[in-house]
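Chemist: Sequence below, structure please.
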Amino acid sequence: MSGDHVCNGPTDFIYHVEICQQPHSAAVKEDVITHVEQLFVNSKLSPGDVLITNFDSTFLKQHVKQISISDTNLSQHETIDLKCCKLRYHVYQLQEDGPEIEELDEDEDLAAAQHWLLPSRDFDGMWESLVFEEDIKNKLLNYATTTLLFTDKKVDANIISWNKVVLLHGPPGTGKTSLCKALAQKLCIRLSNRFSHGQLVEINSHSLFSKWFSESGKLVMKMFQKIQELIDDSDALVCVLIDEVESLTAARKSAMSGSEPSDAIRVVNAVLTQLDQIKRYPNVIILTTSNVTGAIDLAFVDRADIKQYIGPPSPTAIYSIYRSCIQELIKVGIIQTSQSILDLRALEFMRFVENDVTKDSVLLREIALKSNGLSGRSLRKLPFIAHAVFVQKPECSLLEFLIALDKAVQQQFKEVEELTK
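Modeler: All right, here's what the predicted structure looks like:
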């Protein structure tokens, strides 16, 4: 359910208000929006208020888990009067069940895909946790929204061409697969006025092509028949995620060189043919990833509307990642402090001058600069390693943790160096 709340004010920028309804709540979504509107009557938005979990209203306490105000980009000292903004409301409930494993061959233990009902608890908060240097997330969100809009409005594809395929490529550990899953979840929430729920089917193409050559594409057809059944429900948004799509290239090259049977090329062609068929439907989008930039099958690359490179995080992104990790540890009480880590824009505004307010933030920036070159996957593990190896107690001060994090970064580079010898 989505709706707009418009007030006369200095800006017509749209802020998305995402309302997560309690799993047990049976409240009508229009009533939920009405109570949230009442909450916002005299409210101002500041950087620390983008996630609201505590409510005075009895109705909101009973029926709402949290309210998230998205697409805000406020500095440390900015506030916005919510009465003077355009707000778009999205009400959703998280699916509590985890993924189902799709098996296509009863005689063999072949896991064809994982299948989630969206929005899923497994991906709750994932979109917000992902940090990239460029505005990659909004770019992908806007692309996907336009893609589904054009299809929904029956724009003539012979006049304006689009394939509904996204390709994220770059080195391992940069968050490509997580971004695809988070995008599927976010689209399901943002388009809740159009679709009642979402489906995410994740296919591991490496497994697909390494195990199923001998079946001449038959099992691939079975897999897409199952996907077709999901697409036939016009109330569902179906996202198909194909991980490691460079396996298409490996299969085609092997077949052409004669090192693999011709069944390999049949599998590749079966996949491409099926993708061409399902893209015609108004409720499907295809998300793909590749770890090997420049080695992706050209027949597939031609089908991708968006080809987005996802590289290792920059020091600016690293700082934001570390800051979010530290905020989480402060929230749960592992780090005990009355200070907070400033966002980087606030630190830049203070010209990185060290004083009582900025000293911890300046130290974290130095650690972020030292961490340049590490993958996003490694960065997310380092706060855990810092605590497990160098803190080793239930609670610590912010300074103690930052010193431990610095040591963990040094240890990480040392381990990488030893492994590459």
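
Chemist: pLDDT averaged over the host helix or strand of residue 144 - what is it?
Modeler: Here residue 144 sits within helix 136-152, counting by DSSP states H and E. The predicted model assigns helix 136-152 a mean pLDDT of 90.

Chemist: could you dump it to PDB, C-alpha only?
Modeler: Extracted as PDB, the C-alpha positions of helix 136-152 are listed here (Å, rounded to 0.1, in the frame of the first residue of the first chain):
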ATOM      1  CA  ILE A 136      24.700   3.100  -7.300                       C
ATOM      2  CA  LYS A 137      21.700   2.000  -5.200                       C
ATOM      3  CA  ASN A 138      19.400   4.700  -6.300                       C
ATOM      4  CA  LYS A 139      20.500   4.300  -9.900                       C
ATOM      5  CA  LEU A 140      19.500   0.700  -9.800                       C
ATOM      6  CA  LEU A 141      16.300   1.400  -8.000                       C
ATOM      7  CA  ASN A 142      15.300   4.000 -10.500                       C
ATOM      8  CA  TYR A 143      16.200   1.700 -13.400                       C
ATOM      9  CA  ALA A 144      14.200  -1.100 -12.100                       C
ATOM     10  CA  THR A 145      11.200   1.100 -11.300                       C
ATOM     11  CA  THR A 146      11.200   2.500 -14.900                       C
ATOM     12  CA  THR A 147      11.600  -0.900 -16.400                       C
ATOM     13  CA  LEU A 148       8.500  -2.200 -14.600                       C
ATOM     14  CA  LEU A 149       6.600   1.000 -15.400                       C
ATOM     15  CA  PHE A 150       7.300   0.800 -19.200                       C
ATOM     16  CA  THR A 151       6.300  -2.900 -19.300                       C
ATOM     17  CA  ASP A 152       3.200  -2.200 -17.200                       C
END
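
Chemist: Packing partners of it?
Modeler: strand 165-169, helix 176-190, strand 284-290, strand 306-309 (3 or more Cβ pairs under 8 Å, 6 or more residues apart in numbering; DSSP states H and E). Bear in mind the C-beta positions are built from the backbone N, C-alpha and C, glycine included.

Chemist: Averaged pLDDT, the following helix or strand past the second one. What do you get?
Modeler: Right, the one you point to is helix 176-190. Following helix 176-190 in sequence order, the next helix or strand is strand 197-204 (DSSP H and E). In this model, strand 197-204 has an average pLDDT of 92.

Chemist: Pairing partners for strand 197-204, with directions?
Modeler: strand 111-118 (antiparallel), strand 236-243 (parallel) (DSSP bridges).

Chemist: picking that back up, okay if I get the helices and strands packed on helix 136-152 as a markdown table plus distance to residue 380 and mean neighbour count?
Modeler: Below are the helices and strands packed on helix 136-152 laid out as a markdown table (distance: least, Cβ to Cβ, whole Å; neighbours: other Cβ atoms under 10 Å):
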| stretch | distance to residue 380 | mean neighbour count |
| --- | --- | --- |
| strand 165-169 | 18 | 24 |
| helix 176-190 | 10 | 23 |
| strand 284-290 | 18 | 25 |
| strand 306-309 | 20 | 16 |
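
Chemist: Residue 58 is nearest to which of the ones you listed?
Modeler: Closest approach to residue 58 among these (Cβ to Cβ): helix 176-190, 25.3 Å.

Chemist: Let me know the angle separating the closest one from strand 236-243.
Modeler: Angular relation of helix 176-190 and strand 236-243 on a 0 to 180 degree scale: 170 degrees, by axes from the mean of the first three to the mean of the last three Cα atoms, to 10 degrees.

Chemist: Check which helices and strands helix 176-190 is in contact with.
Modeler: The contact analysis (3+ Cβ pairs under 8 Å, 6+ apart) places helix 176-190 against strand 86-93, strand 111-118, helix 126-129, helix 136-152, strand 165-169, strand 197-204, strand 236-243, strand 284-290.
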